[in-house]
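1. coordinates only, sequence not included:
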DNA sequence: ATCCCGAGGG
DNA sequence: CCCTCTGGAT
C-alpha cells in the first residue's frame, strides 16, 4: 500500500487521464437502467467482455424485469452459463426482478438504500448504478480501483471502504465524475494485476510502484 | 473467513 | 497449470 499522494500530483495525474480520454465510458453493454443493473450484478468476479457476450442475446429477449420473469430462472441460467457464479446470479436476478415489478412498478430505484436492499446488489453495484445512470457522486471500488489506488497512492486504503473515502477526499472535485472509469480503464489495460505495462503508462514518472517490468 | 464458479490470459 | 475478472451473502 503506497503512501497517499499529494494534491498537486493527483491533479496532474487526472489532467493526463483527461487529456488521453476526455469522456471515459464503461464497457458493460446495456440499453436502459434495468439492463445496466443486471449487467453490473452479473459482472461480479467476471470480465466485462464475458458478461457482454452473454447479455447481448439475453437482453434481446429480456430487457425489462417483466420479460425477465417471463423468461424464468431456467431460461436465464441457459443464457448466463458461461459467466462465473451463474447459479447464484440467476437466482438473484429473478428475485430482484420480482421486487422491481411488485414494489417499484418495474422501475429501478434511485436511492442507495433501495438498490442495496435488492438481492445480489451490494454497495459496489449500487454505486455503479448511482454513478452511471443517476449521475450521482458515488465511487464504486472494484478490484481494479482497489489495486490502482493502492499501487499509485492516488487512493490507498487497507479495505474497500478506506479506498472509497480516499477517492472522495483526495481526488479534485472536477475529476470526481469520471474518476471511476479512468481508474478502471487504467487498471484493466495498463496497471494490470499480474504484469503491469509500466512501459505504456502515462503516469509512470509520478508513480511510486516499483515493479516496473516490461 | 469462506463459498460461489466459468472463461481467458500468461 | 495458476491467477484474475467492475462482489455479495453467510
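-> Looks like it came in fine. As the structure is a prediction and not an experimental result, all values here were calculated from the model.

2. neighbours of residue A:68, just the number please.
-> 26 (other C-beta atoms under 10 Å). Every residue, glycine included, has its C-beta placed from N, CA and C.

3. Ok, residue A:188 next?
-> Residue A:188 - counted by other C-beta under 10 Å - has 16 other residues nearby.

4. Spatially nearest residue to it, not counting backbone neighbours?
-> Excluding its sequence neighbours, the residue lying closest to residue A:188 (C-beta to C-beta, 6 or more residues apart in numbering) is residue A:144, at 5.9 Å.

5. now do residue A:17
-> residue A:182 (4.2 Å).

6. The one you found is in what secondary structure piece?
-> Applying DSSP states H and E as the criterion places residue A:182 in helix A:173-189.

7. residues in chain A within reach of DNA strand B, list them.
-> Residues of chain A lying close to DNA strand B by C-beta under 7 Å from any atom of the strand are A:45-47, A:49-50, A:53, A:81-88, A:194-195.

8. Could I get the pLDDT score of residue A:166?
-> pLDDT, residue A:166: 98.

9. That one and residue A:153 touch, don't they?
-> No - using C-beta atoms under 8 Å, residue A:166 is not in contact with residue A:153; the gap is 9.5 Å.

10. shared neighbours of these two, anything?
-> Common contacts of residue A:166 and residue A:153, defined by C-beta atoms under 8 Å, 6 or more residues apart in numbering, comprise residue A:4.

11. just to revisit the earlier point, contacting residues for the residue nearest to residue A:17?
-> Residue A:182 is in contact with A:14, A:17-18, A:21, A:24, A:175, counting by C-beta under 8 Å, 6+ apart.

12. Please indicate which of these are buried?
-> The neighbour count (16 or more other C-beta atoms under 10 Å) marks A:14, A:17, A:24, A:175 as buried among the contacts of residue A:182.

13. Tell me where chain A has helices.
-> Here chain A has its helices, by DSSP state H, at A:7-20, A:33-42, A:48-61, A:65-80, A:86-104, A:112-116, A:123-132, A:143-152, A:160-170, A:173-189.

14. separation between the residue nearest to residue A:17 and residue A:172?
-> Distance of residue A:182 to residue A:172, given as C-beta to C-beta, to the nearest Å: 12 Å.

15. And the residue of chain A closest to DNA strand B?
-> For chain A and DNA strand B, the shortest gap (C-beta to the nearest atom of the strand) falls at residue A:84, measuring 2.4 Å.

16. pretty sure that residue contacts residue A:47?
-> No - the criterion here is C-beta under 8 Å, and residue A:84 misses it with residue A:47 at 9.3 Å.

17. How is chain A partitioned into domains?
-> Domain assignment for chain A, taken from automatic domain parsing, gives A:7-24+A:138-206, A:33-132.

18. Now do the end-to-end distance for the longest one.
-> I take that to be domain A:33-132. Terminal residues of domain A:33-132 are spaced 9 Å apart (C-alpha to C-alpha, to the nearest Å).

19. cool, and the shortest one?
-> Using C-alpha to C-alpha, one end of domain A:7-24+A:138-206 lies 12 Å from the other.
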